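J.: I would like the atomic coordinates for the input below:
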Amino acid sequence: MANNARSSKGQEPCLRVIPLGGLHEIGKNTCVFEYGDDLMLVDAGLAFPSDGMHGVNVVLPDTSFLRENQKRIRGMIVTHGHEDHIGGIAHHLKHFNIPVIYGPRLALSMLTGKMDEAGVRDRTTLQTVGPRDVVKVGQHFSVEFIRNTHSMADSFSLAISTPVGTVIFTGDFKFDHTPVDGENFDMARLAHHGDKGVLCLFSDSTNSEVPGFCPPERSVFPNLDRHIANAEGRVIVTTFASSIHRVSMILELALKNGRKVGLLGRSMLNVIAKARELGYMRAPDELFVPIKQINDVPDRETLLLMTGSQGEPLAALSRISRGEHPQVKVKTTDTIIFSASPIPGNTISVVNTIDKLMMLGAKVVYGKGEGIHVSGHGFQEDQKLMLALTRPKFFVPVHGEHRMLVQHSRTGHSMGVPVDNTLIIDNGDVVELTPDSIRKGDAVKAGIELLDQSRNGIVDARVLKERQQLAEDGVVTILAAISTDGAMVAPPRVNLRGVVTTADARKMSLWVEREIKWVLENRWKQLCRNTGGKAPEVDWMGVQREVEVGLGRRMRRELQVEPLILCLVQPAPGGTPVYKGRADAEPDDRPAPRGRGGRGGGSPYGRRNGGGGGTPAPVRNNQGNGRSGSATPAPVRAVAATAVVEKVAPQPVAEKAAPAPEPEMPAGRTRRRRSAAS
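T.: Predicted coordinates for the structure are as follows:
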């Protein structure tokens with residue numbers, strides 16, 4: 001693989017920089033540096049799911065490129081301990097080893113807990129670094145850690161020396177000249193590298209649209225003090241647990257105003273414990289009260305510090321807003337302070353939480369006008385100062401959505417970086433750098449991985465689409481009794497859950513009969529074969545898929561809905577009396593178009609495992625539901641959808657008049673077809 005040190009345009013040696021996450025988005029910041037046989041990772045973060053990602057807990061970058069090249073990974077650099085920079089490392093270590101991870105003490109302490117929980121502590125070695133430390137990674141990378149200022153303590157920018165020149169990788173930063181912990185941005189080292197010559201700057205773009213300098217962290221102190229001092233009853237503060245400077249100020253204000261502190265939320269408890277243990281946060285033990293005893297403290301002497309600033313459904317404040325927390329109930333004398341701003345995509349959740357708290361009678365303090373939150377990411381003037389100090393030959397804006405990258409590139413142009421020396425890239429793009437050029441090389445695979453609530457199970461695109469169908473259009477289950485002679489031996493039972501439809505039960509049952517009849521008349525020979533025994537071997541899974549395809553097409557055309565359809569076949573022995581259904585007596589005026597195919601036709605709704613010999617349990621008739629109904633009045637036993645759906649990739653069937661299949665989107669809501677022609 002040494003030829004990867006060569007440019008895709010020729011044989012000139014080059015440095016390749018490959019972002020796998022963090023571009024055209026907020027979160028999951030992950031970047032790879034490649035030269036010769038050496039690969040070096042910088043950060044490996046996570047993002048949180050968007051609307052429509054049902055049951056998804058965490059979003060990670062696709063690491064196929066790293067898995068394919070894992071023998072070339074020489075090490076990882078961690079810039080700081082925020083989840084969008086370290087949250088994916090423990091999961092990745094389950095799939096490939098990382099020889100050594102270098103990072104600041106606080107970040108590695110937090111990472112250790114994640115690795116122990118995931119059982120991957122033995123898959124790497126952790127090496128703590130400090131300001132101006134230099135580490136060697138592989139044969140070609142030498143990395144200097146430059147202290148910067150951010151919303152989290154112990155944060156660094158990087159000066160990466162390579163055979164083609166020095167690259168500055170800023171990480172998350174702002175220029176805070178009065179930092180809470182007294183650790184100033186090491187601007188002298190940035191200027192030093194600028195004087196020596198910086199080949200390329202990869203710089204944080206998050207607040208590139210905001211003019212001016214980012215306010216210092218200390219600017220929120222007097223405003224928080226005012227609200228806490230004036231509160232008549234309890235004070236409830238929510239913020240990011242990892243914003244250690246902010247949390248330190250809140251604890252200081254609680255002590256100043258004579259309030260005991262109760263902590264809620266697992267991450268809040270863990271981060272404060274780690275920060276106190278390592279000396280990043282100073283607070284006396286007597287300041288804290290166990291949450292189970294907090295109600296024994298007078299309201300005027302209580303401050304609750306908790307997670308939930310982003311409206312996360314399971315976070316402490318969200319549960320309190322719904323009245324679901326066992327220890328804390330909202331009181332009309334409470335003052336609730338949101339010392340955080342919503343991450344893009346979380347605004348609706350945050351607003352809903354605020355509304356619920358207000359409806360319960362609490363005073364809620366939030367918004368930019370209150371001066372209770374400042375960003376940890378530099379504004380335009382911070383970004384200009386970074387460009388002025390480093391004076392890069394080439395410039396690549398990173399860490400932000402597309403419009404942020406574009407605006408940051410314009411800022412670079414205003415600071416003297418030529419347009420031709422600036423690249424706006426996406427995840428998977430390859431930046432090829434030589435001493436005299438910058439260009440895009442051949443891209444690598446860069447998608448997403450979705451983890452469920454356990455953070456262990458992968459939610460693939462097919463499973464996500466099935467969940468979206470369940471959420472949007474419900475589910476239809478069919479129980480069909482078919483003999484090995486290829487005949488229906490009982491009326492099919494149809495059950496609808498969550499399906500809004502104008503079709504009555506009689507029509508739905510008739511449609512199902514027609515689809516089964518069509519399959520038995522047109523596909524039976526392809527779906528069974530004579531093995532020389534008494535009964536033919538039937539591909540019952542193929543029969544089920546064919547029925548699902550036909551009914552799904554008909555429901556799209558007739559009702560403009562796309563429910564998840566699950567057909568269960570109950571095999572019957574040959575010679576069983578044939579059921580003469582209504583499909584024979586009532587001809588289909590508008591037959592659903594069907595294709596021709598062989599054994600094992602496909603379905604857009606997935607496939608179930610196993611042979612056809614099993615007898616599935618019948619489906620329960622659903623009565624009394626205003627949104628869904630049953631096509632048969634006789635009650636039968638229920639069967640859970642999870643008992644019959646198994647995760648096997650679908651095999652498409654050739655369908656002459658079926659609409660073109662939609663791509664399975666890994667995120668967001670599926671687009672519905674509404675055309676009558678479909």
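J.: only C-alpha atoms for contact and neighbour calcs from this point on.
T.: Noted.
J.: which regions of the stretch 451-600 of the chain lie under the pLDDT threshold?
T.: Counting by pLDDT under 70, the stretch 451-600 of the chain contains low-confidence residues at 452-464, 530-535, 582-600.
J.: quick one, helices of the stretch 501-650 of the chain?
T.: For the stretch 501-650 of the chain, the helices defined by DSSP state H, counting those that start in this stretch occupy 505-522, 524-527, 540-559, 582-585, 641-644.
J.: closest one to residue 59 among those?
T.: Nearest of the helices of the stretch 501-650 of the chain to residue 59, taken as Cα to Cα: helix 641-644 at 23.2 Å.
J.: tell me the average confidence for that closest one?
T.: The average pLDDT for helix 641-644 rounds to 32.
J.: Determine which stretch of the helices of the stretch 501-650 of the chain is the most buried.
T.: Of all the helices of the stretch 501-650 of the chain, helix 540-559 carries the top mean neighbour count, a mean of 23, counting by mean count of other Cα atoms under 10 Å.
J.: Just the C-alpha atoms of it, please, in CSV.
T.: C-alpha atoms of helix 540-559 as CSV (Å, rounded to 0.1, in the frame of the first residue of the first chain):
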residue,chain,number,x,y,z
TRP,A,540,-42.2,-20.6,1.5
MET,A,541,-40.1,-17.5,2.0
GLY,A,542,-40.3,-16.8,-1.7
VAL,A,543,-44.1,-17.2,-1.6
GLN,A,544,-44.3,-14.7,1.3
ARG,A,545,-42.1,-12.2,-0.5
GLU,A,546,-44.2,-12.4,-3.6
VAL,A,547,-47.4,-11.6,-1.7
GLU,A,548,-45.6,-8.7,0.1
VAL,A,549,-44.5,-7.2,-3.2
GLY,A,550,-47.9,-7.4,-4.8
LEU,A,551,-49.9,-6.1,-1.9
GLY,A,552,-47.3,-3.3,-1.3
ARG,A,553,-47.6,-2.2,-4.9
ARG,A,554,-51.4,-2.2,-4.7
MET,A,555,-51.5,-0.2,-1.5
ARG,A,556,-49.1,2.4,-2.9
ARG,A,557,-51.3,2.8,-6.0
GLU,A,558,-54.8,2.6,-4.4
LEU,A,559,-54.2,4.2,-1.0
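J.: Run through the neighbouring helices and strands of that helix.
T.: If contacts are counted by 3 or more Cα pairs under 8 Å, 6 or more residues apart in numbering; DSSP states H and E, helix 540-559 sits against helix 505-522, helix 524-527, strand 564-572.
J.: buried set for stretch 71-89?
T.: By 16 or more other Cα atoms under 10 Å, the buried positions in stretch 71-89 come out as 72-89.
J.: So what touches it?
T.: Residues outside stretch 71-89 that contact it (Cα atoms under 8 Å, 6 or more residues apart in numbering): 27-30, 37-47, 60, 66, 98-104, 106-108, 110-111, 137-138, 152-158, 171, 242.
J.: one more time with 6 Å
T.: For stretch 71-89, the surrounding residues in contact (Cα atoms under 6 Å, 6 or more residues apart in numbering) are 27-29, 37-46, 98-103, 107, 138, 155-156.
J.: Let's see which of those residues end up in strands.
T.: Using DSSP state E, 38-44, 100-103, 156 are the members of the contacts of stretch 71-89 that sit in strands.
J.: quick one: which of the helices of the stretch 501-650 of the chain is nearest residue 327?
T.: Nearest to residue 327, of the helices of the stretch 501-650 of the chain and by Cα to Cα, is helix 641-644 at 34.7 Å.
J.: about what we covered before: and the helices and strands packed on helix 540-559 as TSV, adding distance to residue 164?
T.: Formatted as TSV, the helices and strands packed on helix 540-559 follow (distance: least, Cα to Cα, whole Å):
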stretch	distance to residue 164
helix 505-522	65
helix 524-527	62
strand 564-572	55
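J.: Which one, of these, ends up nearest to residue 120?
T.: Closest approach to residue 120 among those (Cα to Cα): strand 564-572, 37.7 Å.
J.: So what are the sheet partners of that closest one and their directions?
T.: Using DSSP bridges, the strands paired with strand 564-572 are strand 475-483 (parallel).
J.: could you point out which element follows the partner strand?
T.: Downstream of strand 475-483, the first helix or strand assigned by DSSP states H and E is strand 493-497.
J.: Dump that next one to PDB, keeping only the CA atoms.
T.: This file holds the C-alpha atoms of strand 493-497, laid out as PDB (Å, rounded to 0.1, in the frame of the first residue of the first chain):
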ATOM      1  CA  ARG A 493     -56.200 -13.300   8.100                       C
ATOM      2  CA  VAL A 494     -55.100  -9.700   7.800                       C
ATOM      3  CA  ASN A 495     -54.200  -7.400  10.600                       C
ATOM      4  CA  LEU A 496     -53.400  -3.600  10.300                       C
ATOM      5  CA  ARG A 497     -51.600  -1.700  13.000                       C
END
